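J.: Provide a 3D model corresponding to the input given below.
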Amino acid sequence: MELFRIRKDIPFMRHAIVLNAVSAITFVLAVFFLVTRGLNLSVEFTGGTVMEVAYEQPADLEAVRKVVEGLGYAEVPVQNFGTAKDVLLRLPAKAGQTSGQQSETVLSALKAQNPAVTLKRTEFVGPQVGQELVQHGLMALGLVIAGIVIYLAIRFEWKYAVSAIIANLHDVVIILGFFAFFQWEFSLAVLAAVLAVLGYSVNESVVIFDRIRETFRRQRKKTTVQIIDHAITSTISRTIITHGSTQIMVLSMLLFGGPTLHYFAMALTIGILFGIYSSVFVAAAIAMWLGIKREDLIKTPVKTAGGDPDDPNSGAMV
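T.: Got it, this is the predicted structure:
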């Protein structure tokens, strides 16, 4: 399906050096912010207190959030749990206070606002649990990366696998850099979004690589640069349809999903935008610089001396 067709190939690779220089600078800045500022890890990773409170009427989440923020807890997740009358709060660990003291302080503040509120349960998530989640999250990320490399190396060639994984890591590090710079809360939902971006970004790279292989077969007189430009240009309509429709859905979550989905949607938004960019200007350009050629994807039979290469019955292949 195509919304439009561009007749003349756009010379994307002509600007590859400049655009990859911009990517390199952005990547370095993201790493710098990760090292100097670090991620603002949520209670799932750092440990803290989980509280569930109940109201007689549907709870006003914004009012509950203001009460909690007034106690010095910035950007604490406050969400309905089960019904509109039940509210779940995740409080990060606070120096000098035990889990019981935290829950008592918050409950007292909530009762001052609405005496009908009752505490249903409170749980302490220890730092050891948070450390396990960090390890498991990193393990999941490593397995995804390894799977992508193996898949691309088998389906295409190692040069494509290397270029695609560099582009994907570029996307992931930049997402983490945004969260480190703005100190947005990094939760399990955001980690899930990062893993989703890995798969989403590699899908775009595979589409372009597949079109490059197809163009190598059909147009033997074009150079590698011309082949890449043609492959990217011919997939623009598909890119606009798929990424545009996905971005509309993600933006709806970002704008109307509330605090619970806000950072999840933010990570997806950044990942989709940079995923398109990296597939075109990072993955394709790195593959070009690694020296991809027709022979990498299409094995041409070699005839013995005296054989006619145009006659399949003449000569013997070696």
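J.: Helices of this protein, start to end?
T.: 16-36, 43-46, 61-70, 99-113, 127-155, 158-182, 188-218, 224-234, 236-256, 258-277, 284-289, 294-297 (DSSP state H).
J.: buried stuff in the fifth one?
T.: By neighbour count, with 16 or more other Cβ atoms under 10 Å as the criterion, the buried positions of helix 127-155 are 130, 133, 137, 141, 144-145, 148-149, 152-153. In short, each C-beta sits where N, CA and C put it, glycine included.
J.: which ones are touching the closest residue to Gln113 other than its chain neighbours?
T.: Leaving aside its chain neighbours, Gln113 sits nearest to Val67 (5.4 Å; criterion: Cβ to Cβ, 6 or more residues apart in numbering). When the contact criterion is Cβ atoms under 8 Å, 6 or more residues apart in numbering, the partners of Val67 are 106, 109-110, 113.
J.: who wins for most neighbours among those residues?
T.: When neighbours are counted by other Cβ atoms under 10 Å, Leu110 leads the contacts of Val67 with 25 neighbours.
J.: which residues touch it?
T.: Contacts of Leu110 by Cβ under 8 Å, 6+ apart are 53, 64, 67, 117.
J.: contacting residues around the second one?
T.: This means Val64. Val64 touches 78, 87, 89, 110, 113, counting by Cβ under 8 Å, 6+ apart.
J.: out of these, which one sits closest to His262?
T.: Closest approach between the contacts of Val64 and His262, by Cβ to Cβ: Val78, at 11.9 Å.
J.: Just the pLDDT for the closest one.
T.: pLDDT recorded at Val78 is 85.
J.: What distance do you get for it to His243?
T.: As judged by Cβ to Cβ, to the nearest Å, Val78 and His243 stand 32 Å apart.
J.: again, but for Ala116
T.: Taken as Cβ to Cβ, the span from Ala116 to His243 is 47 Å.
J.: between the two, who's got more neighbours?
T.: Neighbour comparison, Ala116 and His243: the larger count goes to His243, with 17 against 10 (by other Cβ under 10 Å).
J.: Leaving out chain neighbours, which residue sits closest to the more buried one?
T.: Once flanking residues are discounted, His243 sits nearest to Ile276: 5.7 Å by Cβ to Cβ, 6+ apart.
J.: Could you report the neighbour count for the one you found?
T.: 19.
J.: likewise Glu123?
T.: Residues near Glu123, counting by other Cβ under 10 Å: 11.
J.: Ala189 too?
T.: 18.
J.: give the contact list for Ala167.
T.: 201, 205, 278-279, 282-283, 286.
J.: how much space between Val64 and Val117?
T.: 9 Å.
J.: would TSV of the contacts of Val64 with distance to Ile272 be doable?
T.: Formatted as TSV, these follow (distance: Cβ to Cβ, whole Å):
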residue	distance to Ile272
Val78	27
Val87	32
Leu89	31
Leu110	38
Gln113	39
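J.: Which one of these is nearest to Gln57?
T.: The closest of those, once distances to Gln57 are taken by Cβ to Cβ, is Val87, at 11.8 Å.
J.: need the contact list for the closest one.
T.: Contacts for Val87 were tallied using Cβ under 8 Å, 6+ apart; they are 52-55, 59, 61, 64, 78-81.
J.: ok, 10 Å please
T.: Listed by Cβ atoms under 10 Å, 6 or more residues apart in numbering, the contact set of Val87 reads 51-55, 58-61, 64-65, 78-81, 110, 117, 120.
J.: Let's see the ChimeraX selection covering just the buried ones among these.
T.: Selection command for ChimeraX covering only the buried members of those, criterion 16+ other Cβ under 10 Å:
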select :51,52,53,54,55,59,61,64,65,78,79,81,110,117
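J.: just to revisit the earlier point, so which two of the contacts of Leu110 are the farthest from each other?
T.: Of all pairs in these, the most separated under Cβ to Cβ is Val53 and Val67 at 10.8 Å.
J.: Between those two, which contacts overlap?
T.: Shared contacts of Val53 and Val67 (Cβ under 10 Å, 6+ apart): 89, 106, 110-111, 114.
J.: Leu188: which of these is nearest?
T.: For these, the nearest to Leu188 is Leu89 (16.2 Å; Cβ to Cβ).
J.: Could you measure from the closest one over to Tyr277?
T.: 38 Å.
J.: quick one, what contacts the residue nearest to His243?
T.: Applying Cβ under 10 Å, 6+ apart, the residues contacting Ile276 are 171, 200-201, 204, 239-240, 242-243, 247.
J.: ok, the longest strand anywhere in the chain: who's next to it in the sheet?
T.: Looking across the chain with DSSP state E, the single longest strand is strand 83-92. Here strand 83-92 is paired, per DSSP bridges, with strand 48-54 (antiparallel), strand 78-81 (antiparallel).
J.: Flag every buried residue along that strand.
T.: By 16+ other Cβ under 10 Å, the buried positions in strand 83-92 come out as 86-92.
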